[in-house]
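> coordinates only, no sequence provided:
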């Protein structure tokens, strides 16, 4: 079981296009994880919550880099599929063989799709069948569009159907699928932008600003309590007050707000994943990075109160 898991991770890692040795990559992030955790805890004397977030971010970074590169590779691959299949169909219609069609398309500029075709040719030169290599390559790419196209081509070839006509039909269908994906992104842009601004920027900033205002007012009342004169309360102490941070009475509330912001960011990422890709977990892997950004904005909200108080 463990060996299968390691093999799947290696396959996923190398399919993302990263050339660094897998063992070296893992070792590098183990060192970064230990260093980041120790520095956060003992050098910056951060609390357990922030230390856990930094550690989780380091772990997620090891996964998010291959995932991001893989997603980019899939988009590049699918973008080249329609023109690549049309090119192959044109070569077949002109009397060329299947090998000629694949070779000609691989030498053209269809991005990742041309690279995959070069791999198909190299495997066919070793004696492997076209159907097996194409399906294996499509499955390894993790592109649903390419995988479906590969199975259709294989079945059509086995049934004796005209391969050039099949390639044309697949090219048109693939183009329609990609167009629908682009339309879905364009239709959901405003919703995603709203969630990004409200969930990742405005909400943390407002929470930080508010808790600092509450702390400022509370400490101001504490400083002026008991100071009276013939004309009433002497507010000179409050006017000279400079906020220095969150009071100890509000420390528990500060921790609760940080936890709330973290949960809110995760829920926002789930919502964005459902809206943009129809998958709730599509962007959750980036959660720790966004949480750190949200907490930084939260602290900026606190700092904004210090600036305002200093100008009064």
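Here it is on my side, so go on. Nothing here was measured: the structure is a model prediction, and the numbers come from that model. Numbering: from 1, shown residues only.

> in a helix, residue 78, correct?
Yes - secondary structure of residue 78 (DSSP: H, G, I helix; E, B strand; the rest coil): part of a helix.

> within the helices and strands, which one has the residue lying closest to it once chain neighbours are set aside?
Spatial nearest neighbour of residue 78, excluding adjacent residues (C-beta to C-beta, 6 or more residues apart in numbering): residue 145 at 5.0 Å. C-beta coordinates here come from the backbone N, C-alpha and C atoms, glycine included. Counting by DSSP states H and E, the element that carries residue 145 is helix 144-159.

> report the rounded mean pLDDT for that helix.
On average, the pLDDT along helix 144-159 is 89.

> continuing past that helix, what's the next helix or strand?
helix 163-187.

> show me what counts as buried in that following helix.
Neighbour-count burial for helix 163-187 flags 163, 164, 166, 167, 168, 170, 171, 173, 174, 177, 178 (criterion: 16 or more other C-beta atoms under 10 Å).

> which residues does the closest residue to the fifth one other than its chain neighbours contact?
This points to residue 168. Excluding its sequence neighbours, the residue lying closest to residue 168 (C-beta to C-beta, 6+ apart) is residue 89, at 4.7 Å. Contacts here follow C-beta atoms under 8 Å, 6 or more residues apart in numbering; on that basis residue 89 touches 101, 163, 164, 165, 167, 168, 171.

> and what of residue 299?
Neighbouring residues of residue 299 by C-beta under 8 Å, 6+ apart: residue 208.

> would you mark the buried spots in the helix or strand where it lies?
Per DSSP H and E, residue 299 falls inside helix 287-311. Using 16+ other C-beta under 10 Å as the test for burial, helix 287-311 gives 287-292, 294-295, 297-298, 301-302, 305.

> for residue 25, grab the count of nearby residues.
Using other C-beta atoms under 10 Å, residue 25 has 15 neighbouring residues.

> and the helix or strand it falls within, how far out from the chain's middle?
Applying DSSP H and E as the criterion places residue 25 in helix 22-38. Relative to the chain's own centre, helix 22-38 is displaced by 20 Å; criterion: C-alpha atoms, centre = their mean, to the nearest Å.

> now do stretch 94-103
39 Å.

> same check, this time on stretch 179-195
The chain centre lies 16 Å from the centre of stretch 179-195; the measure is C-alpha atoms, centre = their mean.

> which residues of the stretch 1-150 of the chain fall in strands?
In the stretch 1-150 of the chain, no strands are defined using DSSP state E, counting those that start in this stretch.

> any stretches of it with poor pLDDT?
Within the stretch 1-150 of the chain, the stretches with pLDDT under 70 are 1-2.

> quick check: residue 57 vs residue 279, distance?
As for residue 57, its distance to residue 279 is 22 Å (criterion: C-beta to C-beta, to the nearest Å).

> now residue 46: closest residue in space that isn't a chain neighbour?
Residue nearest to residue 46 in three dimensions, not counting chain neighbours: residue 40, with 4.9 Å by C-beta to C-beta, 6+ apart.

> walk me through the domains of this protein.
As recorded under automatic domain parsing, the domains making up the chain are 74-180, 188-221+235-312.

> what residues of stretch 136-146 count as buried?
Buried residues in stretch 136-146, counted by 16+ other C-beta under 10 Å: 137, 138, 140, 141, 142, 143, 145, 146.

> for the second one, give its distance to residue 9.
Note on residue 138: its distance to residue 9, by C-beta to C-beta, is 20 Å.
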